[in-house]
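Student: Structural data only, the sequence is not supplied:
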C-alpha cells in the first residue's frame, strides 16, 4: 500500500506543477499582450489633451500651445466636448481612448479630426512612413492648440528637425 500512496502523491505533485506552469505561462502571455498595446499611451494622450484644452479655455489671452510630445502615430478626434485617440499603426483596435473636456459656450471650439500621418504624406509625398517606432528619427509632428478671441482650434504643425 505504501508504494501506491507514494505513486499517487507523485502524480498529484506533477499535476500541480503542470497547472502552475500553465498559469505562469498565461500570466506571461497576458503581460506580453499588454506590453504590445498602446492603450496606456492613448488614454494618457486623450486625458492630457482634454486637460490642456481646459487650460486654454481658462486663459484670458490669445495663445498658441505646442504640445511637446510626438503625436505622429495617433489620430485625434475632437467632437462634442470629447477628445478621442486611436492608434494608426493598429487599425484593428476597435475602441479609441476618450476623455471629456469642459467647453465654454462663449468661446467656439473648432471640432475636427487630426490625422498626422495623412497630413505628413500629403505635404511630403516622398516620405515613406512605416508602422514602427524609431523608423523616422527626424520627423516631429506636434499638436498645437490655438486660442483667439472667439475660438479655440487644435491643429498640426509639421516641423522637420535638422540632423
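Tutor: Ah, there it is. Values in this document were obtained by computation on a predicted structure and should not be read as measured data.
Student: State the distance from the residue positioned nearest the centre of the chain to residue 17.
Tutor: Residue closest to the mean C-alpha point of the chain, counted by CA atoms, centre = their mean, is residue 42 at 2.2 Å. Counting by CB to CB, to the nearest Å, the gap from residue 42 to residue 17 is 39 Å. All C-beta spots, glycine's among them, are computed from the backbone N, C-alpha and C.
Student: likewise residue 71?
Tutor: 48 Å.
Student: These two: who's more crowded?
Tutor: residue 71 (18 against 10; other CB atoms under 10 Å).
Student: ok, for the more buried one, nearest residue in space, not its chain neighbours?
Tutor: residue 143 (5.1 Å; CB to CB, 6 or more residues apart in numbering).
Student: what are the pairing partners of the helix or strand harbouring residue 85, and which direction each?
Tutor: Secondary structure from DSSP states H and E places residue 85 in strand 82-87. Strand partners for strand 82-87, identified by DSSP bridges, are recorded as strand 74-79 (antiparallel), strand 97-100 (antiparallel).
Student: Domain-wise, how is the chain divided?
Tutor: Domain assignment for the chain, taken from automatic domain parsing, gives 1-36, 39-160.
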